[in-house]
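sharing a model prediction with you, sequence too.
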Amino acid sequence: MRKTLGLVSATALYALIIMYVGLKITLIATVLTPIVLFFGTALVAGLKEALDNRK
């Protein structure tokens, strides 16, 4: 009985850790995506302008 209880608590702890890490990753992705998109767009616009000016 004790062994089963230990296994259950270990599994629950593992699930909690995975959930916590998943939440952290989601949070970081949510924060980073707009920043990356913004800089990506700015970079592409800058490159386009540089190419247009070169012609």
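Happy to help now that I have it.

and the most centrally placed residue in the chain, helix, strand or coil?
Centroid-nearest residue in the chain: residue 29, 3.0 Å away (criterion: CA atoms, centre = their mean). Secondary structure, DSSP: H, G, I helix; E, B strand; the rest coil: residue 29 is helix.

any idea how far it is from residue 39?
Distance, residue 29 to residue 39, using CB to CB, to the nearest Å: 15 Å. All C-beta spots, glycine's among them, are computed from the backbone N, C-alpha and C.

likewise residue 10?
In terms of CB to CB, residue 10 sits 43 Å off from residue 39.

with residue 16 instead?
From residue 16 to residue 39 the distance is 35 Å (CB to CB).

again with residue 46
10 Å.

what about residue 31, how many residues nearby?
Using other CB atoms under 10 Å, residue 31 has 10 other residues around it.

what does residue 17 give?
Neighbour tally, residue 17, other CB under 10 Å: 10.

just how off-centre is the helix or strand it falls within within its chain?
Element membership of residue 17, judged by DSSP states H and E, is helix 2-54. Offset of helix 2-54 from its chain centre (CA atoms, centre = their mean, to the nearest Å): 0 Å.

so for it, what's the average pLDDT?
Averaged over helix 2-54, pLDDT sits at 93.

report all helices and strands that that helix contacts.
Counting contacts by 3 or more CB pairs under 8 Å, 6 or more residues apart in numbering; DSSP states H and E, helix 2-54 packs against no other helix or strand.

now stretch 42-55: buried residues?
Across stretch 42-55, burial judged by 16 or more other CB atoms under 10 Å covers no residue at all.

contacting residues for the residue nearest to the centre of the chain?
Taking CB atoms under 8 Å, 6 or more residues apart in numbering, we find residue 29 in contact with no residue.

measure it to residue 4 for me?
37 Å.

contacts for stretch 14-25 next, please.
Nothing outside stretch 14-25 qualifies as a contact, by CB under 8 Å, 6+ apart.

tally of neighbours for residue 4?
Residue 4 has 8 neighbours, counted by other CB under 10 Å.

brilliant, that's me finished.
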